[in-house]
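Visitor: predicted model, plus sequence, below.
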Amino acid sequence: MSTNIPEGKEAAVKLADSDFAADRREHDVRAAVGDYWSRVRSGDLGAVPAILGLAGLVVLFTALRPETFLSTGNIANLSTQALPVTILAMGLVFVLLLGEIDLSAGVASGVCAAVMAKLMVDAGQPWYVAVITAIGVGIVIGTAIGWLVSVVRIPSFVVTLALFLGLQGITLRLIGDGGTVPVRDDVIVALANKNMPVWLGWTLAVLCAAGYAATQLWRWRRQRERGLVGRPLVLVAGQVAVIAAALLVATYVLSLDRAPSPLIVISGIPWGVPLVGVLLIICTFVLGRTPYGRHVYAVGGNAEAARRAGINVTRIRMSVFMIASTFAALSGIAAASRLNSITPDAGGGTTLLLGVGAAVIGGTSLFGGKGKARDAVLGGLVIATIDNGLGLLGAKAYANFLITGGVLLFAASIDALARRRRAATGR
Amino acid sequence: MADTNVEDTPPADDGHPVLRITGLNKSFGPVHVLHDVDFALRRGEVMALVGDNGAGKSTLIKCVAGIHPVDTGRIEFEGREVRVTGPRDAAALGIEVVYQDLALADNLDIVQNMFLGRERRRGIVLDEHSMEEAARETLARLSVRTVKSVRQQVASLSGGQRQTVAIAKAALWESKVVILDEPTAALGVQQTRQVLDLVRRLADTGHAVGLISHNLNDVFEVADRVTALYLGRVAAEVRTADVTTSQVVELITAGRSGDLGLAPHTAAENI
């Protein structure tokens, strides 16, 4: 055996130099489609289920309620209906990315909204003081959850379940049993009930579309110049075109006069929509382009690997709960604006489940490590469409619960099956 | 065997090891795990660390990596005495350890994993382009061609490819010492071959490589020297060219082999 040792070494080197395909950089369309298909087959479905689901729901409700569902008034209504759940879900995406859960986000939104309403109504504070305080309350709640989960090491399920009960008590104490605090401040009410001037809506829409196209194409060019892995131009351009078209069509529809009476004019994008847009852009940037976002994904994918790589896992874990509760505060404000009032059960009931459901329907995994900010928007639209459509059909409350619960379970099943698929193909 | 193997061995760095450990002792409570251990890694050489389960291999590596504090003993890095009190210290010196479980995040791609925790940035934004270039450069330098794309998710890689990524990650950081814990433990024949190549190439590109392994075939295939641990003591440090597999087996199981190894009474007192 002593003579064959050096031979073994040489043979090994030759094999490694010759046996393997080189790194593929520039994908052509075929390869890109092939890659995408293999990703789908291995369980990484991306935004596809949410978009298909949304399209299916639109077709279904249009067929059942042809006059009302696709009317401009209902579409505007739908967009404000989706506001609270979308904002809530966007914060929850961060928590879900770590494989954690925040069951208290819904009632936290109620507490924050109650604080805001009490400050404006009872203390006579201006809206911005009330809003900043409400957001501050959200941050405090999130910090408490984050500390209990990441430092004391209580499972997030237990911590937030306890807060789910506790925070409802706070809302009840603030608002009073059976009481209602009206929200009449012009700015807050405008969020979900007033519209941007048509010219401003168009300007923003065009700026967004152009900005999106510019960043995508610029990145494509840079990748190509430096010989990096990139997608074919056709696909980049196609994606830009689809998004820009969706943006402009939505703007057009929302810019039509939707007043029921010919005497007045109601048109323009509701003010809440650009708020969601700004949050979406910020979250997408933070998750996709900053070291912080990278670390969130890493901790969600393999916390031990992240720890060994020198990432402060405790701090990351704490931060996601703070983000979730801050977004919950914004969501509570949006909900208060939509309902013009705060009741003791604000943020209770199905609020949280719909938020989690929106994120999961959008494509965020309950198992951590996979998800995007846009999932909240897609999922929020799906949830709002179901709610809206069932309302138009005059469905009874029991049917509403059953159907929404079924959709949630369905989305979670797809997530779990996709994960099994990933585990099976990912070796 | 002796004459052929000499050609494969790059010149030792004028005899000064990059990493030299002398007289290291480590106890966990009443259990004395490492007794006066001497261990050295030289530039351009693969040093295998062998020993039976419980001989103290992992403890020794964890002391080097700064995970366990040492009780007594001297760690010299490039001739200077250093104190390694945490994984960060070890990384700052240029010591990288690839653990058996690899510690890769499945949901990130190869580039993202290689730079995890040490991302390059411009302002607050990740500099993806320069990271991708550097990752590709490192993989090319190590002649790694097994991966289809550096933007592939780690979840889609085979066991050997994952090991390759973990090793390339260690080589990315201007590291001088790379220590590998059982890199071929769970791999098939072909993949083992690929990883052993990589280990060899790591040494040939100027790293000092430590290789923990149970597989003596692997050891004799890539290692220049072997340190055999026996119940927490160094039984012998020998050149692979000067010994046979059965001698190393005796060193591992009995602490001595012929005139190699621990003195008979030292070897016996531990049994």
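Guide: Nice, I can see it.
Visitor: where along the stretch 1-150 of chain A do the helices fall?
Guide: For the stretch 1-150 of chain A, the helices defined by DSSP state H, counting those that start in this stretch cover A:4-18, A:29-41, A:48-64, A:72-97, A:105-121, A:127-150.
Visitor: do the same with chain B
Guide: Using DSSP state H, the helices of chain B run over residues B:2-8, B:57-64, B:87-93, B:110-114, B:128-141, B:159-172, B:189-204, B:216-222, B:245-254, B:264-269.
Visitor: quick one, which of these is packed in tightest?
Guide: Sort these by mean neighbour count, taking mean count of other CB atoms under 10 Å in any protein chain shown, and helix B:110-114 sits at the top with a mean of 26. All C-beta atoms are positioned from the backbone trio N, CA, C, and that covers glycine.
Visitor: and that one, what does it pack onto?
Guide: Helix B:110-114 is packed against helix A:291-301, helix B:128-141, helix B:159-172, with contacts defined by 3 or more CB pairs under 8 Å, 6 or more residues apart in numbering or on different chains; DSSP states H and E.
Visitor: repeat that with 7 Å
Guide: Packing partners of helix B:110-114 (3 or more CB pairs under 7 Å, 6 or more residues apart in numbering or on different chains; DSSP states H and E): helix B:128-141, helix B:159-172.
Visitor: mind checking how far A:Val189 is from chain B?
Guide: Using CB to the nearest CB, to the nearest Å, A:Val189 is found at 36 Å from chain B.
Visitor: rebuild the helices of the stretch 1-150 of chain A as JSON lines, extending it with mean neighbour count.
Guide: Formatted as JSON lines, the helices of the stretch 1-150 of chain A follow (neighbours: other CB atoms under 10 Å in any protein chain shown):
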{"stretch": "helix A:4-18", "mean neighbour count": "14"}
{"stretch": "helix A:29-41", "mean neighbour count": "13"}
{"stretch": "helix A:48-64", "mean neighbour count": "15"}
{"stretch": "helix A:72-97", "mean neighbour count": "26"}
{"stretch": "helix A:105-121", "mean neighbour count": "28"}
{"stretch": "helix A:127-150", "mean neighbour count": "21"}
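Visitor: which of the ones you listed comes out lowest on mean pLDDT?
Guide: Mean pLDDT per stretch puts helix A:4-18 lowest among these, at a mean of 37.
Visitor: hmm, back to that, what's the closest of the helices and strands packed on helix B:110-114 to A:Phe69?
Guide: Evaluated over those, closeness to A:Phe69 peaks at helix B:128-141, with 42.8 Å, by CB to CB.
Visitor: can I get the closest one in CSV, CA atoms only?
Guide: In CSV, the C-alpha atoms belonging to helix B:128-141 read as follows (Å, rounded to 0.1, in the frame of the first residue of the first chain):
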residue,chain,number,x,y,z
GLU,B,128,-23.0,42.2,-3.9
HIS,B,129,-20.8,42.7,-7.0
SER,B,130,-17.5,42.7,-5.3
MET,B,131,-18.5,39.9,-3.0
GLU,B,132,-19.5,37.8,-6.0
GLU,B,133,-16.2,38.5,-7.7
ALA,B,134,-14.2,37.6,-4.7
ALA,B,135,-16.1,34.4,-4.1
ARG,B,136,-15.6,33.4,-7.7
GLU,B,137,-11.9,34.2,-7.5
THR,B,138,-11.4,32.1,-4.4
LEU,B,139,-13.3,29.2,-5.9
ALA,B,140,-11.2,29.5,-9.0
ARG,B,141,-8.0,29.6,-7.0
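Visitor: now do it: which elements does it pack against?
Guide: helix B:110-114, helix B:159-172.
Visitor: okay if I get the ones you listed as a markdown table plus mean pLDDT?
Guide: Listed next are those as a markdown table, based on pLDDT from 0 to 100:
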| stretch | mean pLDDT |
| --- | --- |
| helix B:110-114 | 92 |
| helix B:159-172 | 86 |
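Visitor: distance to B:His207 added to those helices, as a markdown table?
Guide: Output for the helices and strands packed on helix B:128-141, formatted as a markdown table (distance: least, CB to CB, whole Å):
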| stretch | distance to B:His207 |
| --- | --- |
| helix B:110-114 | 16 |
| helix B:159-172 | 7 |
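Visitor: and of the helices of the stretch 1-150 of chain A, who's closest to A:Thr203?
Guide: Between the helices of the stretch 1-150 of chain A, helix A:72-97 lies closest to A:Thr203; by CB to CB that is 18.2 Å.
Visitor: quick revisit: of the helices of chain B, which is nearest A:Val278?
Guide: Closest among those, once you apply CB to CB, is helix B:128-141, at 23.9 Å.
Visitor: what does the pLDDT read for the residue lying closest to A:Gly91 once chain neighbours are set aside?
Guide: Once flanking residues are discounted, A:Gly91 sits nearest to A:Phe327: 2.6 Å by CB to CB, 6 or more residues apart in numbering or on different chains. In this model, A:Phe327 is scored at 97, pLDDT.
Visitor: now do the contacts for A:Phe327.
Guide: By CB atoms under 7 Å, 6 or more residues apart in numbering or on different chains, the contact list for A:Phe327 reads A:87-88, A:90-91.
Visitor: just the residues you listed now: which is nearest A:Phe401?
Guide: Proximity of the contacts of A:Phe327 to A:Phe401 (CB to CB) peaks at A:Leu88, which lies at 18.6 Å.
Visitor: what's near enough to touch the closest one?
Guide: Going by CB under 7 Å, 6+ apart, A:Leu88 touches A:105-106, A:109, A:327-328, A:331, A:355.
Visitor: and what of B:Val64?
Guide: Taking CB under 7 Å, 6+ apart as the definition, contacts of B:Val64 comprise B:84, B:90, B:95, B:179.
Visitor: state the number of residues packed around the third one.
Guide: Burial of B:Ile95, expressed as a neighbour count using other CB atoms under 10 Å in any protein chain shown, amounts to 28.
Visitor: please apply the same query to the first one.
Guide: By other CB under 10 Å, 22 other residues sit near B:Val84.
Visitor: find the nearest non-adjacent residue to it, please.
Guide: B:Val84 sits nearest to B:Gly66 (CB to CB, 6+ apart), 4.1 Å away.
Visitor: cool, and the second one?
Guide: What sits nearest to B:Ala90 in space, not counting adjacent residues and going by CB to CB, 6+ apart, is B:Gly66, at 4.4 Å.
Visitor: now do the buried residues in stretch B:94-108.
Guide: B:94-99, B:102-108 (16 or more other CB atoms under 10 Å in any protein chain shown).
Visitor: average model confidence for the helix or strand where A:Ala411 lies?
Guide: Per DSSP states H and E: A:Ala411 is located in helix A:397-425. For helix A:397-425, the mean pLDDT works out to 84.
Visitor: for stretch A:244-260, same thing?
Guide: Averaged across stretch A:244-260, pLDDT comes to 91.
Visitor: follow-up on the earlier one: hey, least reliable of the helices of chain B by pLDDT?
Guide: Among the helices of chain B, helix B:2-8 carries the lowest mean pLDDT (a mean of 40).
Visitor: ok so, going back, from the contacts of A:Leu88, which two are the most distant?
Guide: Among these, the pair separated by the greatest distance (CB to CB) is A:Gly106 and A:Phe327, at 11.6 Å.
Visitor: mind telling me what element the closest residue to A:Ile175 other than its chain neighbours is part of?
Guide: Nearest residue to A:Ile175 in three dimensions, chain neighbours excluded: A:Pro344, at 4.6 Å (CB to CB, 6+ apart). In this structure, A:Pro344 sits in neither a helix nor a strand according to DSSP H and E.
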